[in-house]
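Undergrad: dropping the sequence and predicted coords here.
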Amino acid sequence: MPVHDSHPTRNNNSHAFTEPSHGHHLADDLPLISAQLLQRRRALAWLGSTTAGSALLLAGCGGGGSDGSSLAGLTSTTASSSGTTTSSTSSSSGSTTTSTSSSSSCTALPGETAGPYPADGTNSSSGATSDVLTASGIVRSDIRSSFISTTTQAPGVLTTLTLTLVNTNSSCAPLAGYAIYLWHCDRDGNYSLYTAAAESYLRGVQVTDANGQVTFTTIFPGCYAGRWPHMHFEVFASLATATTGRNAVLTSQLAMPSAACSAVYPYATGYTTSVNNFAAVSLTTDNVFSDNTAAQIAAMTPAMTGSITAGYTATATIGIAR
């Protein structure tokens, strides 16, 4: 609403200024002054009634401060193209984010090399072929200890990894009854049955349950020269077929999250050699992960929470087309 006062006004038709019309005596001016005062009071009252609404409008546009603090306490909801809905509530003391993921979107993981140390019957080392998949005791959840010729437990930061196997050709439905073989290096970067030849730790097989899930208790792997920190795995259609890597329906790797590596290597006992090795490598220079898409890298990187003292909990979804 326009606010009128006693200042000169522009005549839009003549583009000239005109003075308000009034008499030449006090008696003539008093009624006009009273009317103008009443008009001003009404205008001020109107402005007061709209202050709150104007403030909210400014806040919604980022006004009231460059740090966005005026948005504290507001809740926003966004939906992604993959069907994930996230609600975030912000306040001056922190923020809480809750995510609900749809089961209709998942990424098929690419096949990757099993590397030189799979112990799955597909290669030999020093003239001998190791096939731990046929060894008694290989089916286990806790893979920290050796189980063939010694019972040595691999030292390192406790890590509990849950893998969920899904069918990318069937709305990401869980795949039950499949066998997953997981193996990785110890905190010094050595692999059992090869560079740690006397040991058989950090290797194990689990069968997926009705939810397509398996859980391994292990340690956080070290970083050796030339490779991004990782874990290897093979997927088999059943436990009965998990007798050699040549029967695998998928052979691939998991990339350890950068934030977790940065938290573990400089501060956890025994990971000293990993510090410089990790500083010298990146996902874009790694000879395994560098040719993957951003979506594949995201799927190959477990979500991980925890600490050195409490241990880490990690989850990842393995998508395969069946």
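TA: Great, that's in hand.
Undergrad: please, where are all the helices along the chain?
TA: 26-60, 258-264, 272-279, 294-300 (DSSP state H).
Undergrad: and the contacts of the third one?
TA: Read that as helix 272-279. Helix 272-279 is contacted from outside by 187-189, 222-226, 229, 261-262, 264-266, using C-beta atoms under 8 Å, 6 or more residues apart in numbering. Any C-beta I mention is one placed from the backbone N, CA and C, and that applies to glycine too.
Undergrad: send the alpha carbons of it over as CSV?
TA: Taking Å, rounded to 0.1, in the frame of the first residue of the first chain, the C-alpha atoms of helix 272-279 are listed here in CSV:
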residue,chain,number,x,y,z
THR,A,272,53.0,-46.2,10.6
THR,A,273,54.0,-47.4,7.1
SER,A,274,50.5,-46.7,5.8
VAL,A,275,50.8,-42.9,6.4
ASN,A,276,53.3,-42.1,3.6
ASN,A,277,51.8,-44.8,1.3
PHE,A,278,48.4,-43.3,1.6
ALA,A,279,49.6,-39.8,1.0
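Undergrad: among the contacts of helix 272-279, name the buried ones.
TA: Buried by 16 or more other C-beta atoms under 10 Å: Arg187, Asp188, Gly189, Gly222, Cys223, Tyr224, Pro229, Cys261, Val264, Tyr265, out of those.
Undergrad: could I get the pLDDT score of the fourth one?
TA: What it means is Gly222. pLDDT for Gly222: 98.
Undergrad: between the two ends of stretch 181-198, what distance do you get?
TA: End-to-end distance for stretch 181-198: 20 Å, by C-alpha to C-alpha, to the nearest Å.
Undergrad: any buried residues in that stretch, and which?
TA: 181-196.
Undergrad: quick check: the gap between the closest residue in space to Asp209 that isn't next to it in sequence and Val205.
TA: Nearest non-adjacent residue to Asp209, counting by C-beta to C-beta, 6 or more residues apart in numbering: Ala176, 6.3 Å away. Counting by C-beta to C-beta, to the nearest Å, the gap from Ala176 to Val205 is 15 Å.
Undergrad: who has more neighbours out of these two?
TA: Val205 (24 against 13; other C-beta atoms under 10 Å).
Undergrad: tell me what the more buried one is bridged to.
TA: Beta-bridge partners for Val205, by DSSP bridges, are Val139, Tyr181.
Undergrad: what's the neighbour count on Gly127?
TA: The burial count for Gly127: 5, using other C-beta under 10 Å.
Undergrad: same check on Thr313?
TA: Residues lying near Thr313 (other C-beta under 10 Å) number 16.
Undergrad: also the one 5 residues further on?
TA: Counted with other C-beta under 10 Å, the burial measure for Ile318 works out to 26 neighbours.
Undergrad: how about the contacts made by the closest residue to it other than its chain neighbours?
TA: Leaving aside its sequence neighbours, Ile318 sits nearest to Leu165 (C-beta to C-beta, 6+ apart; 5.0 Å). With contact taken as C-beta under 8 Å, 6+ apart, Leu165 is in contact with Pro174, Leu175, Tyr178, Ile180, Thr208, Gly212, Gln213, Val214, Val235, Ile318, Ile320.
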